[in-house]
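Novice: Mind looking at a prediction? Sequence and model below.
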Amino acid sequence: MDVFEGKAAHTRLRRITVRNFASYWSAYASEVEAARDQKLEWTEPSLANGIVRAAVDGLSRVLSRDLTHGAALSEHAPGLIGEDGHHEYQGYRFVICGVESALRIPLSAVAWNLIEMSREAFCLCVLPSVRIALWPLIEEKYPGRTASVIPLFPADVDAIAAGKVEVLDLIQFKLYRRLVLDKPDAAAQFDAKLFAEFVTLRSASGTCAEDLQTVLKATADNDDQQWVDHPLVGRVRTALESGRNCLLIGPSSSGKSVLAFQVGKSFLLGGRNVAYLNLGLLESSVAPIFSLVSSRQKGNEHYLLIADDLQGNPAAARYLLSLSSVGRRASVELPPIVLAVSWVDFSTEAVAWFDECLPIAVRSHQVRQRLARRYSNSLGQHDIETLIRFCGEDILLLRLSLDHSTVRNTCIGPDQLAELVWSARTERL
């Protein structure tokens, strides 16, 4: 498709979208209110005209791509209307609802209803005012569902109805501002300037993950010839094969990343595509993460995504884990399975955002003796026990100590080890 065809297609889509929302624009009490940009709420006369119902109807027509049949709405709770079924749109399931009057139902009850409605879908909820803050309530009750519930304020509906933004792009924009930038609900509504900046940032960032095979070749410290088989590989692989996300939890240098690499390599050997993302080292924007954890479609064929060092970038971790969670529930086709890695001190928050994941504790003692036995022919038992006591829970430090002690045929101390490691690293520069 050339530039002119692309523009023509966009123009046709915009016209169809505006026609889908004809009743919505008619529900405005005045042309002045309809034309006002960045409105914070609908006026009482517009609400009396049924503008919330008209907004839900317009969204239903867009997601179903049906101009002839509007939404069949029912009252889910006093003041909360919605459809009983769902729509499939661009690889996701959607349900649509709206709050006609915030006075007829407590917000906590709205939140519980939306959590239930988002069990297997994105839940788009039309709200009459930006003063209704739903996300804090969702996060308090069920953090893993935050990304599933999308509040749509008057400015959001206006932008969709005018063909200024596509639904899935608006969802990405809102979740990025909420989960990554930690903005309040009102600051996540559509703004033309902020949305353009987001699109530019997303486009400029490209992909933020690497192919695991490339990572393994480039990472000298994770040379698989120096690994010992981790006893948890089978358990983790079985969980992932069943379609369940996993979270490896343990102290620094306890063997979490090596375990993740071993699991990832086993999938590579099975002909599966595996992507790797170290959040602590992420230099580009996290905006492309949405596409990374989306349904496995053309251009995104990774079977497994390893997300390392969650605690190194908490905002990016919340974003990735939340999107992965909603992807498992709302995607028509399953997205990549995620194997995440975290320190203990961030694990409670990670589990809260990583809905229905399998947390697995990783401790150094699980591989320490296996690692020591590899060097038993080169070092005496006393030297090995001395190095184990010196290194404590740090498996990486233990391996380096065993390596250098074996080369020198003697047990080296911490000061000498530091000099040797520093010398080896500087020689590569």
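Specialist: Received the coordinates, thanks.
Novice: the helices in the stretch 1-150 of the chain, which residues?
Specialist: 3-20, 22-27, 31-35, 44-48, 51-64, 107-117, 135-141 (DSSP state H, counting those that start in this stretch).
Novice: comparing those, which gets the lowest mean pLDDT score?
Specialist: Of all the helices of the stretch 1-150 of the chain, mean pLDDT reaches its minimum on helix 3-20 (a mean of 55).
Novice: Out of the helices of the stretch 1-150 of the chain, which one sits most buried?
Specialist: The highest mean neighbour count among the helices of the stretch 1-150 of the chain, using mean count of other Cβ atoms under 10 Å, belongs to helix 51-64: a mean of 25. For every residue, glycine as well, the C-beta is placed using N, CA and C.
Novice: rewinding a little: please tabulate the helices of the stretch 1-150 of the chain in JSON lines, including the columns distance to Val149.
Specialist: JSON lines is the format used below for the helices of the stretch 1-150 of the chain (distance: least, Cβ to Cβ, whole Å):
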{"stretch": "helix 3-20", "distance to Val149": "23"}
{"stretch": "helix 22-27", "distance to Val149": "21"}
{"stretch": "helix 31-35", "distance to Val149": "27"}
{"stretch": "helix 44-48", "distance to Val149": "22"}
{"stretch": "helix 51-64", "distance to Val149": "15"}
{"stretch": "helix 107-117", "distance to Val149": "5"}
{"stretch": "helix 135-141", "distance to Val149": "5"}
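Novice: what about these, which gets the closest to Arg363?
Specialist: helix 135-141 (30.8 Å; Cβ to Cβ).
Novice: Determine the set of other helices and strands touching the closest one.
Specialist: When contacts are defined as 3 or more Cβ pairs under 8 Å, 6 or more residues apart in numbering; DSSP states H and E, helix 135-141 packs onto helix 107-117, strand 149-152.
Novice: for these, which one sits closest to Arg19?
Specialist: For the helices and strands packed on helix 135-141, the distance to Arg19 is smallest for strand 149-152, at 19.4 Å, taking Cβ to Cβ.
Novice: quick check: angle from the helix or strand following that closest one to helix 51-64?
Specialist: Next along the chain after strand 149-152, taking DSSP states H and E as the criterion, comes helix 154-161. Angle of helix 154-161 versus helix 51-64, following axes from the mean of the first three to the mean of the last three Cα atoms, to 10 degrees, is 40 degrees.
Novice: Now do helix 154-161: everything it contacts.
Specialist: For helix 154-161, the surrounding residues in contact (Cβ atoms under 8 Å, 6 or more residues apart in numbering) are 17-18, 20-21, 24-25, 37-42, 55, 58-59, 62, 126, 128-130, 152, 164-167, 170, 174, 189-192, 195.
Novice: Buried among those residues? Make that a PyMOL selection.
Specialist: Command for PyMOL that selects the buried part of these, burial taken from 16 or more other Cβ atoms under 10 Å:
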select buried, resi 17+20+21+24+25+39+41+42+55+58+59+62+126+128+129+130+152+165+166+167+170+174+189+190+191+195
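Novice: Please spell out which residues along stretch 392-412 are buried.
Specialist: Using 16+ other Cβ under 10 Å as the test for burial, stretch 392-412 gives 393-406, 411-412.
Novice: Quick check: closest non-adjacent residue to Glu88.
Specialist: Val332 (5.6 Å; Cβ to Cβ, 6 or more residues apart in numbering).
Novice: per-residue confidence at the residue nearest to the spatial centre of the chain?
Specialist: Nearest to the mean C-alpha position of the chain, by Cα atoms, centre = their mean, lies Leu320 at 2.3 Å. What the model reports as pLDDT for Leu320 is 94.
Novice: Is it in a helix, a strand, or coil?
Specialist: helix (DSSP: H, G, I helix; E, B strand; the rest coil).
Novice: Please report how far the residue lying closest to it once chain neighbours are set aside lies from Arg329.
Specialist: In space, Leu320 comes closest to Ile289 once its chain neighbours are excluded; the distance is 5.2 Å by Cβ to Cβ, 6+ apart. When distance is defined by Cβ to Cβ, to the nearest Å, Ile289 is 17 Å away from Arg329.
Novice: And the two? Which one has more around it.
Specialist: Taking neighbours as other Cβ atoms under 10 Å, Ile289 and Arg329 compare with Ile289 leading, 30 against 19.
Novice: wait, isn't the more buried one in contact with Cys208?
Specialist: Yes: in terms of Cβ atoms under 8 Å, Ile289 counts as a neighbour of Cys208; the distance is 6.4 Å.
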